[in-house]
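sequence? don't have it. structure:
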């Protein structure tokens, strides 16, 4: 799999994860503070297994991390993994920055990580 295909696959997973309003709200909560699943469960009207499933999706795509504390697991937001999605959104939000006559160069630079590592 090429670097571009890997990035696109990762973007698809991230966008799937944030497509759900409950997961977006969980991310907003974790942006404020680290939380245990039962603390998140107390905020929503969903069962604890449903909240755990949402947390697993967010963890699997790297948007949150988890740390075991004794018998509990605490979740934290992982802002680093938002970088690819943010870049993609910013690129299309600022279309005046794209040289449409030279799109191949832009895509090659993305593949090489030149743009992602700014």
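Arrived safely. The shown structure was predicted, so the numbers you read here are calculated from the model rather than taken from an experiment.

Next one: residue 79 from residue 31, what distance?
8 Å (C-beta to C-beta, to the nearest Å). In short, each C-beta sits where N, CA and C put it, glycine included.

and the closest residue to residue 76 other than its chain neighbours, what does it touch?
Leaving aside its chain neighbours, residue 76 sits nearest to residue 34 (4.5 Å; criterion: C-beta to C-beta, 6 or more residues apart in numbering). Listed by C-beta atoms under 8 Å, 6 or more residues apart in numbering, the contact set of residue 34 reads 67, 74-76.

confidence score at residue 68?
Looking at residue 68, its pLDDT stands at 94.

Any idea how far apart the tips of stretch 57-75 sit?
End-to-end span of stretch 57-75 (C-alpha to C-alpha, to the nearest Å): 12 Å.

show me where this structure has helices.
For the chain, the helices defined by DSSP state H occupy 3-18, 21-32, 37-43, 48-60, 83-93, 103-112.

can you give me phi and psi for the residue nearest to residue 76?
phi -70, psi 140 (degrees, to the nearest 10).

gap between it and residue 69?
10 Å.

How much space separates the closest residue to residue 54 other than its chain neighbours from residue 40?
Distance criterion C-beta to C-beta, 6+ apart; nearest residue to residue 54, sequence neighbours excluded, is residue 23 at 5.1 Å. Distance of residue 23 to residue 40, given as C-beta to C-beta: 11 Å.

And residue 65, by the same measure?
On the measure of C-beta to C-beta, residue 65 and residue 40 end up 15 Å apart.

For the two, indicate the residue with more neighbours.
The neighbour comparison of residue 65 against residue 40 (other C-beta atoms under 10 Å) goes to residue 40, with 21 against 16.

residues touching the nearest residue to the more buried one once chain neighbours are set aside, list them.
Once flanking residues are discounted, residue 40 sits nearest to residue 51: 5.3 Å by C-beta to C-beta, 6+ apart. Shown in contact with residue 51 (C-beta under 8 Å, 6+ apart): 26, 37, 40-41, 44.

cool, residue 16 as well?
Going by C-beta under 8 Å, 6+ apart, the list of residues near residue 16 reads 57, 61.

Check the burial of residue 52 by counting its neighbours.
16.
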